[in-house]
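*Asks:* Curious how this folds, go ahead:
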Amino acid sequence: MSTPLKPLKTWGHLAARRRKPSEYEIVSTNLLWHTRDPEQPWDVGHTGFMADFYRRYRNQSPITHPDWNAFRDPDELVYRTYNILQDGQESYVDGLLDQHDAEGHDRGLSPEWVAMLAQLYTPSRYLLHTIQMASAYLVHMAPASTIANCAAFQAADSLRWLSNVAYRTAELRQAHPTAGFGERERELWEELPAWQGFRELMERQLTTFDWAEAFVALNVVAKPAYDEIVLRQLGVSARRHGDVLHALLAESALRDSERSRRWTEALVTQMSEVDSNVAQLREWVAKWQPLAVAAIEAYGAEVAENAEAAENAIGAVRAFQRQLGIGG
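*Replies:* Numbering: from 1, shown residues only. Have a look, this model is predicted:
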């Protein structure tokens with residue numbers, strides 16, 4: 001007579017830990033069904049465009065690891081906790097907007113600063129949309145569900161702040177109806193010299209298909225460049241022009257960026273466990289860095305009352321890359 005099988009107390013891939021799995025582990029780990037066979041990523045349609053695409057740009061990436069599913073989000077966010085976190089953040093932002101609206105904040109801004117916001121702030125929703133799209137690509141191409149989830153939350157962060165920029169555009173238009181808010185953002189994004197470095201950087205990033213290079217180009221180079229010059233340094237300039245609301249909104253957005261950098265560091269650390277990956281990661285940083293520097297310099301040259309904006313932003317981006325162990 002065969003011995004009856006003893007039932008597992010949890011999912012098989014979590015049983016080895018010999019403890020009750022957390023909510024994060026239960027709902028986040030080992031969820032991708034198309035990573036089971038590196039040669040046949042799709043159970044339906046072993047040949048064709050999509051199967052070839054995933055084989056080439058994910059499974060055959062020069063960045064390898066024996067167990068991508070070992071990756072863990074340092075913040076261990078799940079959909080439920082992400083929404084709780086951001087609900088609190090949105091309540092804070094709504095409070096800022098309501099308070100400053102009641103005080104007539106926007107009507108008190110100087111004409112020079114209003115013109116600066118029209119050129120360097122409200123067109124940023126186009127840049128945020130490229131970051132959102134690039135993050136969404138990583139959701140689809142990541143080799144582990146725990147990585148995909150982090151990218152999904154990053155995409156949601158970008159949509160959140162894109163929506164905030166759109167809201168502020170409408171508010172500023174009400175306060176300054178002749179300043180062009182809500183009318184010229186696309187034109188400025190496409191033609192204003194201050195934005196052309198970021199346009200080139202993100203257009204090239206969005207046509208980079210290897211999942212690991214796309215991650216490096218976005219999370220290690222392009223997004224930190226945006227964080228440091230558009231959020232942090234324009235925020236510094238805002239305070240010097242009496243626009244406390246803009247500065248506080250930028251500081252709130254940077255909280256999302258800090259979380260993004262935590263999971264970026266965790267993933268680069270995992271990648272670096274394979275010695276051959278490190279040289280490739282450094283090569284990609286060196287490839288993308290000149291585009292980011294050019295973008296920061298073009299934008300920073302137009303930031304008023306902040307002569308060191310570009311220098312400070314470039315220094316901060318490079319410091320982050322050195323912290324990851326793959327900076328120059």
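*Asks:* For the nearest residue to Val236 once chain neighbours are set aside, give me its contacts.
*Replies:* With sequence-adjacent residues excluded and distances taken as C-beta to C-beta, 6 or more residues apart in numbering, Val236 is closest to Asn306, at 5.4 Å. Yep, even glycine has a C-beta here, placed from its N, CA and C like the rest. Taking C-beta atoms under 8 Å, 6 or more residues apart in numbering, we find Asn306 in contact with 233-234, 236-237, 240, 300.
*Asks:* Can you mark which positions in stretch 201-209 are buried?
*Replies:* By neighbour count on 16 or more other C-beta atoms under 10 Å, the buried set for stretch 201-209 is 201-202, 205-206, 208.
*Asks:* could you dump those residues to TSV with secondary structure?
*Replies:* What follows is the buried residues of stretch 201-209, written out as TSV (DSSP: H, G, I helix; E, B strand; the rest coil):
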residue	secondary structure
Leu201	helix
Met202	helix
Gln205	helix
Leu206	helix
Thr208	coil
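*Asks:* Specify which member of these is nearest to Ser252.
*Replies:* Met202 (22.8 Å; C-beta to C-beta).
*Asks:* For the spatially closest residue to Val230 that is not a sequence neighbour, grab the count of nearby residues.
*Replies:* Distances taken as C-beta to C-beta, 6+ apart place Ser124 nearest to Val230, at 5.7 Å, with adjacent residues excluded. When neighbours are defined as other C-beta atoms under 10 Å, Ser124 has 23 of them.
*Asks:* Same question for the one 4 residues further on.
*Replies:* Look at Leu128: counted by other C-beta under 10 Å, it has 22 neighbours.
*Asks:* cool, and Ala266?
*Replies:* 18.
*Asks:* related to what we said a few turns ago, and the contacts of Asn306, which of them are in helices?
*Replies:* The helices, defined by DSSP state H, take in 234, 236-237, 240, 300 from the contacts of Asn306.
*Asks:* Out of these, which end up buried?
*Replies:* In the ones in helices among the contacts of Asn306, the ones that pass as buried (16+ other C-beta under 10 Å) are 234, 236-237, 300.
*Asks:* got the residues you listed as JSON lines, with distance to Gly197 columns?
*Replies:* Formatted as JSON lines, these follow (distance: C-beta to C-beta, whole Å):
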{"residue": "Leu234", "distance to Gly197": "15"}
{"residue": "Val236", "distance to Gly197": "20"}
{"residue": "Ser237", "distance to Gly197": "18"}
{"residue": "Gly300", "distance to Gly197": "10"}
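*Asks:* from the contacts of Asn306, which two are the most distant?
*Replies:* Arg240 and Gly300 (14.6 Å).
*Asks:* So Val293 versus Ser22, what's the distance?
*Replies:* 41 Å (C-beta to C-beta, to the nearest Å).
*Asks:* Same check on Thr29?
*Replies:* 10 Å.
*Asks:* ok, those two, which is more surrounded?
*Replies:* Thr29 (21 against 14).
*Asks:* pLDDT at that one, what is it?
*Replies:* In this model, Thr29 is scored at 90, pLDDT.
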